[in-house]
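>>> can't give you the sequence, but here's the structure:
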């Protein structure tokens, strides 16, 4: 069951589900409770026992404990992407058209979730860079004032140059962040 994308606060989430898995029902949020109630009251015929695929059994086993890379190589394809949580290597799992990623300690992500987490990490890193440049400028200002008080104009000028450079870099990164925020899709 998936919420109708046009009815969702974040349409990309149900759109992803509709693209990647077979869905029995797609309806507006207001209609979901009554359908759930009706479905919960229906009797269901017992389904025949099916053996889970070996790859799925291996992956489920990995979620409960750290696993070695050889096992992961049998379940998925090693990528150059890193886990947003532990920064370890991610393996790509492409089962029944749903692109997923898992690291060796068990963190797992759908492709769109991974992309979103990468974008958040990038933005956090850029803001950290802005803070670092601003702190560098403030410390350099203090060092320049101290050098001035000690009568060392040459050292003061060197620190004042660092102040200017750090502020320019902070402004450049801020400008990049503003461009990224303007370009960001509203449905993500």
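Alright, I've got the coordinates. Quick caveat, the model's predicted, so the values are computed rather than measured.
>>> From here on, just use CA atoms for contacts and neighbour counts.
Noted.
>>> Any stretches of this structure with poor pLDDT?
52-67, 95, 182-188 (pLDDT under 70).
>>> What distance do you get for the residue positioned nearest the centre of it to residue 110?
Within the chain, the residue whose C-alpha comes closest to the C-alpha centroid is residue 117; the distance, by Cα atoms, centre = their mean, is 0.8 Å. With distances taken as Cα to Cα, to the nearest Å, residue 117 is found 11 Å from residue 110.
>>> and what of residue 98?
Following Cα to Cα, the distance that separates residue 98 from residue 110 is 8 Å.
>>> do residue 127 as well
Counting by Cα to Cα, the gap from residue 127 to residue 110 is 26 Å.
>>> and what of residue 11?
Residue 11 sits 16 Å away from residue 110 when distances are taken as Cα to Cα.
>>> what's the answer for residue 146, then?
In this view, residue 146 and residue 110 are 53 Å apart by Cα to Cα.
>>> in the chain, which spans are helices?
For the chain, applying DSSP state H gives helices covering 12-20, 32-41, 54-63, 69-75, 111-149, 153-183.
>>> got the ones you listed as CSV, with distance to residue 105 columns?
Supplementary listing: the helices of the chain in CSV, determined by distance: least, Cα to Cα, whole Å:
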stretch, distance to residue 105
helix 12-20, 25
helix 32-41, 35
helix 54-63, 7
helix 69-75, 10
helix 111-149, 16
helix 153-183, 32
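>>> Pop the domain breakdown of this protein in here.
Structural domains annotated on the chain: 2-39, 65-106, 115-183, as defined by automatic domain parsing.
>>> What is the end-to-end distance of the shortest one?
Translated: domain 2-39. Between the opening and closing residues of domain 2-39 there is a gap of 14 Å (Cα to Cα).
>>> Residue numbering should commence at 165 henceforth.
Will do, 165 is the new start, and the previous item becomes domain 166-203.
>>> Pull out the buried positions in it.
Neighbour-count burial for domain 166-203, counted by 16 or more other Cα atoms under 10 Å, picks out 166-169, 172, 175-179, 181-182, 196.
>>> and which of those residues is nearest to residue 207?
Of all these, the one sitting nearest residue 207 is residue 196; the distance, using Cα to Cα, is 18.8 Å.
>>> what's the spacing between that closest one and residue 175?
16 Å.
>>> Skip the chain neighbours and tell me the closest residue to residue 301.
Take residue 301 and drop its neighbours on the chain: the residue closest to it by Cα to Cα, 6 or more residues apart in numbering is residue 327, 4.3 Å away.
>>> Give me the number of neighbouring residues for that neighbour.
Burial of residue 327 is recorded as 23 neighbouring residues (other Cα atoms under 10 Å).
>>> and it, what is it in contact with?
300-302, 304-305 (Cα atoms under 8 Å, 6 or more residues apart in numbering).
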